[in-house]
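below are the sequence and a predicted model; questions follow.
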Amino acid sequence: MGYLVARFKHSTKWCYRYEISLRESYREDGKVKKRETYLMTYYLPWVTNNSSHPQIDREYPDQYENISLTHMKYFNEDEALMGKIVEKVKQSEIKRLKKIELRKELFDFWCDQIKCITDTFCKDENKQMKFFYFVNNQMRTMDYVRYSKDYFYQNKDRFTRRIGELYIEFNNGSICKEDSND
């Protein structure tokens, strides 16, 4: 018997789900190949578009009614398979929670670092947020959130130089002139 694969899906508005498959590896002509057999869909009714955050403390019930009828034989052969599936879904939700927390942490880190750099150039407190948003729009700095903190530190000089150039553009551009018209 192979190992379980749980793929997170959220195509419906009212419920997120995991598609559970059994993956087996085999050799054919000296090459390792994989065969995947769909077993069931495990629904998470408590995870919706309004509350898509993983909820680890919930009870994850057995969902025998969602088993693909043509693959019921796997559950008959291994009576503990549903328990393994429930545990796999729990572990996948824990991984998803960790990824969400890491992304939030990186987002906060990047915002703080870019804000510090923009504030060193723009001393006028009334314009600091406008300049910060201007830099984000020009450099698309929030796209960098997927990169690590090390990436920021390795490229800090490049970011600082580019933000300095943008500050000159910000001062010479229409952004400051709009402020003087207000």
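Nice, I can see it. Numbers count the residues shown, from 1 in each chain.

how close does residue 86 get to residue 45?
14 Å (CB to CB, to the nearest Å). Just so you know, the C-beta spots here come from the backbone N, C-alpha and C atoms, and that holds for glycine as well.

ok, those two, which is more surrounded?
Neighbours per residue (other CB atoms under 10 Å) separate residue 86 from residue 45, with residue 86 holding more: 17 against 11.

ok, now which ones touch the closest residue to the more buried one other than its chain neighbours?
Sequence neighbours aside, residue 60 is the residue nearest to residue 86 in space, at 4.8 Å (criterion: CB to CB, 6 or more residues apart in numbering). When contacts are counted by CB atoms under 8 Å, 6 or more residues apart in numbering, residue 60 touches 86, 89-90.

so residue 60 is in which element?
Assigned by DSSP states H and E, residue 60 belongs to neither a helix nor a strand.

give me the three-state assignment for residue 62.
Assigned by DSSP: H, G, I helix; E, B strand; the rest coil, the conformation of residue 62 is coil.

what about it, distance to residue 71?
Taken as CB to CB, the span from residue 62 to residue 71 is 16 Å.

just want to know which of these two has more residues nearby.
Between residue 62 and residue 71, counted using other CB under 10 Å, the more crowded position is residue 71 (16 against 12).

element containing the residue lying closest to that one once chain neighbours are set aside, please.
Once flanking residues are discounted, residue 71 sits nearest to residue 39: 5.2 Å by CB to CB, 6+ apart. Residue 39 is part of strand 31-44 when elements are defined by DSSP H and E.

pLDDT below threshold where in the chain?
Applying pLDDT under 70 to the chain flags the ranges 1, 11-14, 50, 174-182.

show me where it has its helices.
If DSSP state H is used as the criterion, the helices of the chain fall at 72-77, 81-121, 128-139, 149-154, 156-172, 174-181.

nearest to residue 18, of the ones you listed?
Of all those, it is helix 81-121 that lies closest to residue 18, at 5.3 Å by CB to CB.

in terms of secondary structure, what does that closest one contact?
The contact analysis (3 or more CB pairs under 8 Å, 6 or more residues apart in numbering; DSSP states H and E) places helix 81-121 against strand 3-9, strand 16-28, strand 31-44, helix 72-77, helix 128-139, helix 149-154, helix 156-172.

go again using 7 Å as the cut-off
If you count contacts as 3 or more CB pairs under 7 Å, 6 or more residues apart in numbering; DSSP states H and E, helix 81-121 packs onto strand 3-9, strand 16-28, helix 72-77, helix 128-139, helix 149-154, helix 156-172.
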